[in-house]
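Peer 1: With the sequence up front, the predicted model follows.
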Amino acid sequence: MTAHNACVAGDLSTAEQMFTQDINTGANNYTSYANRSFVMARKRAWDHALQDATKSISIQPSLTGYISKGIALYGKGHIRDARTAFDLASTFANEDSKIMLLLIKAIAIFNADPHEESIIFVQELAAACPNHGSLACRIVEAYLHVQLGINAMNDASHNLAADHFSAAVKSSALPSTSTVHPVCEDFVVLFGWDLKSLWQNAHQKRCIALRQAGRLAEALNSYRDMMDKIDQNTKANCLDWSNAFKEECSALCLVDGDAAFAAGNYDSAINLYSAVINVSSASDAVFANRSRARLKKMLWTEALLDAQKVIQLNPSSHVGYKLKLTAFQGSQRYDEAIAAFRMMFAVLEGAHDAKMQNLRKRYASPSESEGVIRSAIDRQLDTAPLRLLNTVTGLLCDREAQISAFKTSAEHNELWLSWSMKRANLRMEHITKAVATYFRCIMLSHRWEGREPLLQDIQGKNVYKLKSISGIVKLQKFCEIARNLGYRWAWSDTCCIDKSSNVELQQSLNSMFVWYQHSALTIVYLSDVLPSSKSGALEMSEWNKRGWTFQELLASKVLIFYQKDWTPYLNDRSSNHKKSTAIMEELQVATGIDRRALVDFAPGMSGARERLQWASNRVTTVQEDVAYSLFGVFDVRLPVDYGEKKANALGRLLQEIVARSGDISALDWVGQSSEFNSCLPADITSYTAPPCALSSMSEDEIQTKVSLMRKNTVTVDLASKVYALLKSMTAPRFANRRLHLPCISFHVTEVRQRHGSTQETHSSMELKRMGFKTC
């Protein structure tokens, strides 16, 4: 063994003996004196080290001699003299050795007074000389950081220690193997550095410092970094430490992770759980906890990956599926969320232990959820048109297509999941409202003009892509406005009824009033009202004279008028023109209908004669529609039979009004009688005249008549009998087109007694009634 090898191995006694032998052999061997000075300095025998260094210089001044003297003086605390020694050493250094000399000086200074200034000096030296000695500079910097880290740990400054160890670890100069670079052997000889285990010590001490500082996630991440880079021999040497550290730190991370989650510090919880997962084969519970924390942070993709890992590790548990469906819900991947729910429900259904069975009760079965939503759909569509235009796709959809579109929508899937999971804040009202919102539709009210598109023209086609002819343009603009207003469904009478089907036509005409009544909005298109028209233009529109638009006006609760260029009438951009005083007053003048009735109309038989008068000026292209367009106004459902002629259709309607209500004011008309029944008019125009208003007595007149009657007991008795007779009479009715009236009252204008022959014991009375005479 050589003295150099003994120094590298740390066998200082042997090295000292060998250098002493060299000195004894050659008294002027200045190099051996200098080398023995280094050995004595490592043994901290500073006086002996200074004597040998001084002797070496006295024999012959040299680079080695002044370096040994500088180190010895720094060891004794003679800083100024030590610096002088190093300055003199520099006079013997060539360009290649100057950097090493400065590094040795920095180390010596650090050993005498360990502060970060030495590290800064080394960093500046490396920056100033990037091409020479950079590896040595980085090794020295790393070693000094380790020493400062150890000092900080001894002072219980764990964060500071961790920072120093981290700085050392991040240095690319430290080898992960037990080999020592030749450039570093001088540091081993001069200062006894253990560079072989420096990399391992820096990593281990960083892990320990981070753990003691409470930076648990960083500690485990540092541990993983170390284990990923370590060679097999080193790994075997630190196996016991590795297992103990991993187990202890992982347990602490899980505890702190749960505490962070409970406190709402989800980022910290994620970091802690991740640290455990990264260093070991974590259980499904750890992946589940991290998934929950990621869900809280809306990290849907990452949470989903953890949920899938939970399922992989424990497929018999429902937890993974629940986390999976929550992640799918959050990312609005509802189809996949429903699939995950079904899997979770199947796991719960198949479980036999009481805990899982109780957990199963927290959820509704898929069939129950589907039934609840389907019932809400059926209730909603009960008052909706059979066919609707999808304003998004431009396609005409029948009832099944509408339902199918809803079932594939995010709205349906979200409802399905919410109901299935029995959320506390979800009520049936919420389901009903959500379904109503999805299926709400806009109705079009307009005048047919020219060639309007029919069902066969648009079925299976995108209306937005059809050739832009007049009727198509109107339909396209209507659908565009509906879509822009946020409505998915729209209806037009031109193309949304299969007129070739008697059943569908019958159902549509009898239901049309209800459809408009329950629509979210009715758009009225006034093709004859020019852009920028002033008030009064609506009053003059032909729309006010059409038969079908009469019920559309009365039925619609929310209504907006559009001019020829599809801009709002009077530039009124409010959400409901029925709330516009100016527009309603204009309609009152145009229709003769009181403004309050226009806004709050209710279908039924009440005020039948007045309603017939409102409709008396309306005209239709098809003569039977004069009656059919009034079915909804009077809330009646009757067979539709095109070809029966106007008088017959109107007669059936009037017959139904009288039969159901007992109101014979419909018999108050002026004009030609009907072939259906002579008591009824042949045309709706017969109701144009105001209804007959019978004169009535004032309260004082009534009291006077009653007082007079009470003076005559015969008269009172007779009046009581008349009252009882009238009260017991049946209501008017129709049967086989024949009108049955229990009585007819006339206004009597004159009464005369007629005298018979002298043989007759009774006389008779002659009555006159408004030009009509009877006995």
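Peer 2: It's in.

Peer 1: Give the buried residues for stretch 562-577.
Peer 2: Y562, Q563, Y569, L570, H577 (16 or more other C-beta atoms under 10 Å). Placement of C-beta: from N, CA and C, glycine included.

Peer 1: same deal with stretch 149-168?
Peer 2: 149-150, 152-153, 157-158, 160-168.

Peer 1: returning to that earlier point: could you dump the buried residues of stretch 562-577 into TSV and include secondary structure?
Peer 2: Listed next are these as TSV, based on DSSP: H, G, I helix; E, B strand; the rest coil:
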residue	secondary structure
Y562	strand
Q563	coil
Y569	helix
L570	helix
H577	helix
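
Peer 1: Helices - which of the buried residues of stretch 149-168 land there?
Peer 2: 149-150, 152-153, 158, 160-168 (DSSP state H).

Peer 1: how far does stretch 291-305 sit from the chain's center?
Peer 2: Per C-alpha atoms, centre = their mean, to the nearest Å, the displacement of stretch 291-305 from the mean C-alpha position of its chain is 16 Å.

Peer 1: Mind listing what's buried along it?
Peer 2: Buried-residue list, stretch 291-305, by 16+ other C-beta under 10 Å: S291, R292, A293, R294, L295, K296, L299, W300, E302, A303, L304, L305.

Peer 1: Just give me the closest of the residues you listed to E411.
Peer 2: W300 (19.3 Å; C-beta to C-beta).

Peer 1: What's the separation between the closest residue to that closest one other than its chain neighbours and S420?
Peer 2: Nearest non-adjacent residue to W300, counting by C-beta to C-beta, 6 or more residues apart in numbering: S331, 3.8 Å away. For S331, the distance to S420 equals 18 Å [C-beta to C-beta, to the nearest Å].

Peer 1: Kindly report the same for K705.
Peer 2: 73 Å.

Peer 1: More neighbours: which of the two?
Peer 2: S420 (23 against 12; other C-beta atoms under 10 Å).

Peer 1: Run a quick neighbour tally on A582.
Peer 2: Neighbour number of A582 under other C-beta under 10 Å is 13.

Peer 1: can I assume it sits in a helix?
Peer 2: Yes. Using three-state DSSP, the assignment for A582 is a helix.

Peer 1: Which pLDDT value goes with it?
Peer 2: For A582, the model assigns a pLDDT of 95.

Peer 1: returning to that earlier point: out of the buried residues of stretch 149-168, who's nearest D457?
Peer 2: Closest to D457, out of all of the buried residues of stretch 149-168 and judged by C-beta to C-beta, is S166, at 75.6 Å.

Peer 1: What distance do you get for the closest one to S222?
Peer 2: Computed as C-beta to C-beta, the S166 to S222 distance reads 8 Å.

Peer 1: Identify the contacts common to these two.
Peer 2: R206 (C-beta atoms under 8 Å, 6 or more residues apart in numbering).

Peer 1: Starting from G320, give me the distance back to the closest residue to A436 other than its chain neighbours.
Peer 2: The shortest distance from A436 to any non-neighbouring residue, by C-beta to C-beta, 6+ apart, is to Q380 (5.4 Å). Per C-beta to C-beta, Q380 is found 36 Å from G320.

Peer 1: can you map out the helices along the stretch 151-300 of the chain?
Peer 2: 158-170, 185-191, 198-212, 216-229, 232-237, 239-262, 266-279, 284-296, 300-313 (DSSP state H, counting those that start in this stretch).

Peer 1: Please tabulate these in TSV, including the columns distance to N617.
Peer 2: Formatted as TSV, the helices of the stretch 151-300 of the chain follow (distance: least, C-beta to C-beta, whole Å):
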stretch	distance to N617
helix 158-170	92
helix 185-191	112
helix 198-212	91
helix 216-229	83
helix 232-237	100
helix 239-262	74
helix 266-279	71
helix 284-296	66
helix 300-313	63
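
Peer 1: can you tell which of the ones you listed is closest to L389?
Peer 2: helix 300-313 (34.8 Å).

Peer 1: wait, S274 sits on A217?
Peer 2: Yes. The pair formed by S274 and A217 meets the contact definition of C-beta atoms under 8 Å, at 7.2 Å.

Peer 1: count of residues packed around the residue nearest to S470 when sequence neighbours are not counted?
Peer 2: Spatial nearest neighbour of S470, excluding adjacent residues (C-beta to C-beta, 6+ apart): G450 at 5.4 Å. For G450, the number of neighbouring residues by other C-beta under 10 Å comes to 8.

Peer 1: for the one 10 residues further on, same thing?
Peer 2: Burial of G460 is recorded as 7 neighbouring residues (other C-beta under 10 Å).

Peer 1: before we move on, what about R206?
Peer 2: 28.

Peer 1: mean confidence for stretch 84-92?
Peer 2: 90.

Peer 1: tell me which residues of it are tucked away?
Peer 2: For stretch 84-92, by 16+ other C-beta under 10 Å, it's A85, F86, L88, A89.

Peer 1: Which residue, neighbours along the chain excluded, lies closest to the third one?
Peer 2: If the residues on either side of it in the chain are set aside, L88 comes closest to Y66, at 4.8 Å by C-beta to C-beta, 6+ apart.

Peer 1: Hmm, A85 and that neighbour touching each other?
Peer 2: Yes. Under the criterion of C-beta under 8 Å, Y66 makes contact with A85 at 5.0 Å.

Peer 1: All the strands of the stretch 551-700 of the chain, residue numbers only.
Peer 2: 559-562 (DSSP state E, counting those that start in this stretch).

Peer 1: Where does the prediction get shaky in it?
Peer 2: By pLDDT under 70, the weakly predicted segments of the stretch 551-700 of the chain are 694.

Peer 1: swap in the chain?
Peer 2: With pLDDT under 70 as the threshold, the chain has low-confidence stretches at 1, 130-133, 172-181, 183, 423-425, 694, 711, 714-715, 744-749, 751-775.

Peer 1: can you do 50?
Peer 2: 771-775 (pLDDT under 50).

Peer 1: who touches the nearest residue to L559 once chain neighbours are set aside in this structure?
Peer 2: The spatially closest residue to L559, leaving aside those adjacent along the chain, is T522, at 4.7 Å (C-beta to C-beta, 6+ apart). Contacts for T522 (C-beta under 8 Å, 6+ apart) come out as I442, M443, L444, S445, Y516, E552, S556, V558, L559, I560.

Peer 1: Make sure I have this right: T522 is in a strand.
Peer 2: Yes. Assessed by three-state DSSP, T522 belongs to a strand.

Peer 1: And it, how close does it get to Y487?
Peer 2: For T522, the distance to Y487 - C-beta to C-beta - is 12 Å.

Peer 1: Give the intersection of the neighbour lists for these two.
Peer 2: Common neighbours of T522 and Y487 (C-beta under 8 Å, 6+ apart) are I442.
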